[in-house]
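Chemist: what would the 3D arrangement of this be:
(one chain, ligands or ions: 1)
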Amino acid sequence: MLRLDGATVRFGDRAVLDAVDLEVAEHEIVCVLGPSGSGKSTLLRAVAGLQVLDGGRVLLGGADQRGVPVHRRGVGLMFQDHQLFPQRDVGGNVAFGLRMRGTGKAEQAERVRELLDLVGLPGAERRSVAALSGGEQQRVALARALAPRPRLLMLDEPLGQLDRGLRERLVVELRQLFESLGTTVLAVTHDQGEAFALADRVVVMRDGRIAQSGAPVEVWSRPASEFVARFLGFDNVVAARVTGVVADTAWGKIPVPEDSPQGERRLLVRPGGVRLVPLEGRPVEREPAWTVESRTFRGSHVAVRLRPVDGPALDAELPLREAPEEGAAVGVAFRAEDVVVLGDELP
Ligand SMILES: Nc1ncnc2c1ncn2[C@@H]1O[C@H](COP(=O)(O)OP(=O)(O)OP(=O)(O)O)[C@@H](O)[C@H]1O
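Modeler: Alright, predicted model coming up:
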């Protein structure tokens, strides 16, 4: 459906998109994720035809889009601030793309009715958009983008301004809607939760390049690099020397999965993979105690920060009944399946 081939955009001497290769298959939902300024919006704009490439190609359905204007690309766009027309009612907004294409009045009305049903606003045609809540405006913007049946729907921070509860509900609705319609979607967001809930595949960007691409569960469980791990909020990263299935670190010897990269590496320990073990009966000189520096109740678990005798702090996630008091001395063990030996950063 969509292919980017070495797509490059420069502002001055800085490549904001740096030879990006990306494919999106028909019916696939791809979310581009990355910190502010990593080039996500520029990528969308390049696909839409709002940004000219300095190098490489954008292909839609196999056809090079060089010189093809925005309205001829057959893509639907939905931006963060909705950009609804305040002087038009809901129906007028949803019908916009259809009017532009010269669709007949009766067909427009039928399609608008169908889309408002679909996005959960049945019968809202005559309502004023100014009187809608943020979530309702978002639905109208979505209906408007879907009305002309675009072959590719592109969303830029689609739920950006809404409050968290509403976002979490809408993201589930969006996914169900796109699945039932078979819509091909390319979305960008800086919110990992949103990307992981919505996407079949996530693409993590850094400085105009793709740092990792894969199914949500794959990226979550095996971040490719320290950058991706930290971007996903994993802070338990430590230098390690890996030999076979054991890593030597400032946190002691840590078991690692079989077939892990060997030698001098960075190592990620997911907080859920830290276990506490009783100190009694253990030779203290071999297994020095850790101190519980802080504990924070997080609802479903307790986040415990542990400090070794010498070395960086380690975060653990424990069930409430297992969480020790602040200041307690504990022993620590690691589950190999929650340890990831990180790959090298891209050059
Ligand atoms: N027209 C422009 N002229 C100069 N620099 C630009 C222009 N548009 C974007 N940039 C720069 O390109 C970089 C990437 O911008 P882009 O909007 O693609 O990032 P982003 O990942 O979408 O960020 P955000 O999450 O903050 O929207 C930024 O550093 C931005 O300042």
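Chemist: for this structure, where's the lowest mean pLDDT among helices and strands?
Modeler: In the chain, no helix or strand scores lower on mean pLDDT, DSSP states H and E than helix 164-181, which sits at a mean of 85.
Chemist: gap between it and the chain center?
Modeler: Centre-to-centre, helix 164-181 and its host chain are 14 Å apart (Cα atoms, centre = their mean, to the nearest Å).
Chemist: near the ligand, which residues of the stretch 151-300 of the chain are found?
Modeler: residue 190 (Cβ under 6 Å from any ligand atom). Bear in mind the C-beta positions are built from the backbone N, C-alpha and C, glycine included.
Chemist: what is the burial count for the residue in the stretch 151-300 of the chain positioned nearest to the ligand?
Modeler: The ligand sits closest to residue 190 of the stretch 151-300 of the chain, with a gap of 4.9 Å, by Cβ to the nearest ligand atom. By other Cβ atoms under 10 Å, 16 other residues sit near residue 190.
Chemist: got it, and residue 242?
Modeler: 19.
Chemist: same check on residue 172?
Modeler: Neighbours of residue 172 (other Cβ under 10 Å): 12.
Chemist: let's have the chain start at 40 instead
Modeler: In the new count, where the first residue is 40, that last one comes out as residue 211.
Chemist: show me what contacts it?
Modeler: Residue 211 makes contact with residue 236 under the criterion Cβ atoms under 8 Å, 6 or more residues apart in numbering.
Chemist: excluding covalently adjacent residues, which one is nearest to residue 65?
Modeler: Distances taken as Cβ to Cβ, 6 or more residues apart in numbering place residue 40 nearest to residue 65, at 4.6 Å, with adjacent residues excluded.
Chemist: now do the same for the one you found: its pLDDT.
Modeler: At residue 40, the model reports a pLDDT of 93.
Chemist: check the one 5 residues further on too.
Modeler: Reading off the confidence values, residue 45 has pLDDT 97.
Chemist: which SS class is it?
Modeler: Under the three-state scheme (DSSP: H, G, I helix; E, B strand; the rest coil), residue 45 adopts strand.
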